[in-house]
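*Asks:* What follows is a predicted structure for the sequence shown.
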Amino acid sequence: MEQVVDLWQAAGESRGLVVVLHGGYWRARYDRGYTYSMCVALAAEGYTAATVEYRRAGQPGGGRPGTFEDVAAAVDLLAAQVPEPMVLLGHSAGGHLAVWAALRDRVPAGGPGRLSAPPALAGAIALGGVLDLDAALKLNLDDGAAAEFLPDHSEPVLAETDPVRLAAGGVGGRRLILLHGDADEQVPIALSRTFAAVSGADLRELPGIGHFEPVDPLSTAWPKVTRAVADVLG
């Protein structure tokens with residue numbers, strides 16, 4: 001089921017709201033189910049947690065503008081319904097969407113999800129994020145996932161959807177943390193390095209860590225994730 005949000009209540013007084021955006025290279029065969037263990041772990045550590053399902057490539061309305069409209073609508077709904085400081089936590093393609101959502105005021109006029117002012121977020125965290133769409137397209141990552149998601153990847157479309165373009169020249173004091181393993185074979189760490197170079201975002205490289213460890217609460221990478229959440233939310 002798409003266009004839904006699942007919510008976990010914090011154990012005790014909430015330390016803030018963590019909105020989890022799943023990855024899967026924007027494809028319909030991957031869904032929010034794999035983030036449930038993350039949300040359970042976050043709730044146990046005192047956070048309210050939510051995971052969002054959005055329309056994806058291969059589904060009616062998936063891609064541009066539908067995927068972006070779904071993410072924007074979910075973030076805005078949660079901001080209105082859960083009055084807590086919010087951080088977006090996205091993995092892989094979800095990292096792309098989390099950082100995009102944190103930069104919605106940079107989307108050109110008429111673009112999907114555009115805001116006239118910076119969104120009311122404490123910040124965003126990308127875990128192995130697909131943050132450079134040019135690179136994703138040129139490298140043909142995951143057998144053309146970016147082109148499948150954005151069949152029209154002309155410059156006007158990329159100006160609305162590519163985090164590297166939206167963040168060019170810096171991000172104006174927004175708290176953006178990038179966690180990326182240097183052994184990631186699905187999304188090369190170079191994409192996060194490029195984004196950090198143009199934006200000034202806080203890149204925390206994870207030696208010896210691959211693509212999936214950061215979403216596993218039992219992995220050695222998970223404490224780095226919760227540390228980043230605490231750093232953003234305080």
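*Replies:* Okay, I see it.
*Asks:* got the buried residues for the longest helix seen in the chain?
*Replies:* Longest helix in the chain, counting residues (DSSP state H): helix 66-81. Applying a neighbour-count criterion of 16 or more other CB atoms under 10 Å, one finds 66-72, 74-76, 78-79 buried in helix 66-81. From N, CA and C alone the C-beta is placed, and that goes for glycine too.
*Asks:* mind checking how far Leu166 is from Asp143?
*Replies:* Going from Leu166 to Asp143 by CB to CB, to the nearest Å gives 26 Å.
*Asks:* residue ranges for the helices of this structure, please.
*Replies:* Secondary structure of the chain by DSSP H: the helices cover 36-44, 66-81, 93-102, 133-138, 141-149, 155-161, 163-166, 190-199, 222-233.
*Asks:* Distance check, Thr220 against Gly208.
*Replies:* Noted for Thr220: a distance of 9 Å to Gly208, by CB to CB.
*Asks:* Please tell me the pLDDT value assigned to Ser192.
*Replies:* Among the per-residue scores, Ser192 holds a pLDDT of 98.
*Asks:* For the residue lying closest to it once chain neighbours are set aside, give the beta-bridge partners.
*Replies:* When the adjacent residues along the chain are set aside, Ser192 lies closest to His180, with 4.2 Å between them (CB to CB, 6 or more residues apart in numbering). On the basis of DSSP bridges, His180 is bridged to Glu205.
*Asks:* Number of residues surrounding His180?
*Replies:* Burial of His180, expressed as a neighbour count using other CB atoms under 10 Å, amounts to 28.
*Asks:* now do Val18
*Replies:* By other CB under 10 Å, neighbour count at Val18 equals 31.
*Asks:* what separates the closest residue to Tyr36 other than its chain neighbours from Val82, distance-wise?
*Replies:* Distance criterion CB to CB, 6+ apart; nearest residue to Tyr36, sequence neighbours excluded, is Thr51 at 7.0 Å. Applying CB to CB, the value for Thr51 to Val82 is 13 Å.
*Asks:* more crowded one of these two?
*Replies:* Each of Thr51 and Val82 has its neighbours counted (other CB under 10 Å); Thr51 has more, 26 against 17.
*Asks:* hey, which of the helices of the chain is tucked in deepest?
*Replies:* Between the helices of the chain, the one whose residues have the most neighbours on average, counting mean count of other CB atoms under 10 Å, is helix 93-102 (a mean of 30).
*Asks:* what's that one packed up against?
*Replies:* strand 17-21, helix 66-81, strand 86-91, strand 123-127, helix 163-166, strand 176-181 (3 or more CB pairs under 8 Å, 6 or more residues apart in numbering; DSSP states H and E).
*Asks:* Including distance to Ala41 and mean pLDDT, could these go into a markdown table?
*Replies:* Written out in a markdown table, the entries for these read as follows (distance: least, CB to CB, whole Å; pLDDT from 0 to 100):
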| stretch | distance to Ala41 | mean pLDDT |
| --- | --- | --- |
| strand 17-21 | 10 | 98 |
| helix 66-81 | 19 | 97 |
| strand 86-91 | 12 | 98 |
| strand 123-127 | 14 | 98 |
| helix 163-166 | 26 | 97 |
| strand 176-181 | 15 | 98 |
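*Asks:* Among the ones you listed, which comes closest to Pro108?
*Replies:* Evaluated with CB to CB, the helices and strands packed on helix 93-102 place helix 163-166 nearest to Pro108, the distance being 9.4 Å.
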